[in-house]
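Visitor: next input, structure requested:
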Amino acid sequence: MGEAEDFIVYCDEAGNSGGRYLDLAQPVFALSGIILPPGTRDRVVQLVEDVISRNMLPKQLRPSELKSKDLLKHARGTRNLLQFLEELLGLGVLPTYVVADKRYSVAGKLVETFFDPDHNPAASWLGTADNIERPKLAVEFSGYPPPLLKAFADWYLEPTMDGVLPVLDGLIAEAERRGDQRLTETLRQQRAAPSRMVDAELQGDMTPGGRSIAISINLPSFQSMVQMVDELLALNGRRGRIIHDETRTFEPALQHWYETMAKAQVAEVRGILSDGRPIRFGLRALAGFSISSYKVDLALGAADYVAGLVAAIGKMGLGRQYEGATYLLEARAQLVPMLFRGMAYALASPEFIQKFCGPVQDNMAILDRVRERRMAASAARRR
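Guide: This next block holds a predicted model:
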C-alpha cells in the first residue's frame, strides 16, 4: 500500500463558459482528472513535451502553452492527441473525467428554481431529494425550444421580479402546447406567487465569488470529480492530492468547496435521496488541493489534452464536424468504457450520453484495430 499523497490527480477544464450555459460555440463542458500512480509524473511530463515537439513548430515559434483547443483545429493535431492518449494509458495512468451537456444543465437549474416545494407549494409532488424524477424532468425541459432555455439562463444570471414573468409565460405556453397539465399548473402557480423564489435567488450564495460563480457549471462538475476520485482511491486503499490548473475567478470557490468536504466527518449524512442512498460529506482518500499552472507543472497539460478530447467527442456527438474525426472516434472508443466502470461521470440526458458514446459495435471494432496496432508495434520493437 502506498504512503499518503503518493497519487497525484491533475485537473483541467475544456469548454468553460462560466455562467453562460448556452454558449452555442461551446455546448459541452469537460473536466478531466488524471490520476498519476507513484513514479509516473516525469514520464507524463515527457509525453506532454512530445506533443509539443510533434506539433512541428520551430522552438522560437512554439506557444508558451499548447492547448488542446488549438490542436483540435486540424487533423494532425487531433492525431497528436490520440497518440498522447494511447501512450498515457500505456503508463497505467487513469484519465477520469466529467462531461456535461450545457443544455441539460440549464434545464436542471430550471427545475431546481421553479419546482422547489419550499418556494412553490404547487411543486410538492416533486421532492427536493428526488434524484429519480428530477433528472427525468430536466430531460423533458432540455427538449424545450432553445430560445426558452436561453431566456431562463439569461434571467438566472441576474434574477429580477419583472424579468421572471416573461420567462414563466414562455414555459407555461410550451407546457400547455405539449398537453402537460401538471407542469402547466405548477408553473402557473409559480408565476402567481414568484416573490419567495426570486427573493431566495437574490439572497446570494456563500460560495466565494458570488452568485455568478456559484451557479456556473464548473462547481458541480468539480464536486462530482472530487467525490469520484476520492471513491476510486479509497476503494484501492490509496491516498492522493489534487492539483487544478489555474482558473482565475473560480479558484476561491473550488478551494472553499474542497475544504468544506475535507472538514466534514466521513460518516456524516446530510440527507437521504429518494432511492434510499445517503448524501455523505467527508473525504476518505484525498489529502490536499492546490492550484498550479502549465508553466510551473507541465503535467497539467495532460489534463488539458484529455479534457479537450472529451469535450470534442461530446461536440461530435451533437453534430460538430472535425477534420480529425477518425482520430476522435479512436479516442472515443478508449474513453467511453470509463463511464461504465465508475471512472467517469456525465451530467447529461440519456440521449446525449448515447450520442457521446456512439454505437457499441463501432467502438468494439475500433478497439480491435487498436489492439492489433499495439501488438504489431510491440512485435516490431522486439525484432
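
Visitor: Thr184 against Leu171, yeah?
Guide: No. Using Cβ atoms under 8 Å, Thr184 makes no contact with Leu171, being 9.1 Å away. (Each C-beta comes from the backbone N, C-alpha and C, glycine too.)

Visitor: between those two, which has more neighbouring residues?
Guide: A count of neighbours by other Cβ atoms under 10 Å puts Leu171 above the other of Thr184 and Leu171, at 24 against 18.

Visitor: list the buried residues for the strand or helix carrying the more buried one?
Guide: Under the criterion of DSSP states H and E, Leu171 resides in helix 161-177. Across helix 161-177, burial judged by 16 or more other Cβ atoms under 10 Å covers 164, 167-168, 170-172, 174-175.

Visitor: turn the residues you listed into JSON lines, including pLDDT and distance to Phe352.
Guide: Shown next, in JSON lines, are the buried residues of helix 161-177 (pLDDT from 0 to 100; distance: Cβ to Cβ, whole Å):
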{"residue": "Val164", "pLDDT": "97", "distance to Phe352": "27"}
{"residue": "Val167", "pLDDT": "98", "distance to Phe352": "24"}
{"residue": "Leu168", "pLDDT": "98", "distance to Phe352": "26"}
{"residue": "Gly170", "pLDDT": "98", "distance to Phe352": "23"}
{"residue": "Leu171", "pLDDT": "98", "distance to Phe352": "21"}
{"residue": "Ile172", "pLDDT": "98", "distance to Phe352": "26"}
{"residue": "Glu174", "pLDDT": "98", "distance to Phe352": "20"}
{"residue": "Ala175", "pLDDT": "98", "distance to Phe352": "22"}
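
Visitor: any idea how far Phe356 is from Val370?
Guide: For Val370, the distance to Phe356 equals 19 Å [Cβ to Cβ, to the nearest Å].

Visitor: thinking again about what came up before, to the chain's geometric centre, what's the distance from the helix holding Leu171?
Guide: Distance, stretch centre to chain centre, for helix 161-177: 29 Å (Cα atoms, centre = their mean, to the nearest Å).

Visitor: give the other helices and strands that that helix contacts.
Guide: Counting contacts by 3 or more Cβ pairs under 8 Å, 6 or more residues apart in numbering; DSSP states H and E, helix 161-177 is packed against helix 102-114, helix 146-157, helix 181-192, helix 195-202.

Visitor: can you pull the contacts of the nearest residue to Pro145 once chain neighbours are set aside?
Guide: In space, and not counting its chain neighbours, Pro145 is closest to Glu174: 6.8 Å by Cβ to Cβ, 6 or more residues apart in numbering. Contacts here follow Cβ atoms under 8 Å, 6 or more residues apart in numbering; on that basis Glu174 touches 144-145, 148.

Visitor: kindly write the ChimeraX command that selects the buried subset of those residues.
Guide: Selection of buried members from the contacts of Glu174 for ChimeraX, criterion 16+ other Cβ under 10 Å:
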select :144,148
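
Visitor: quick one: which of the contacts of Glu174 is nearest Ala285?
Guide: If you rank these by distance to Ala285 using Cβ to Cβ, Tyr144 comes first, at 40.2 Å.

Visitor: thanks a lot, see you next time.
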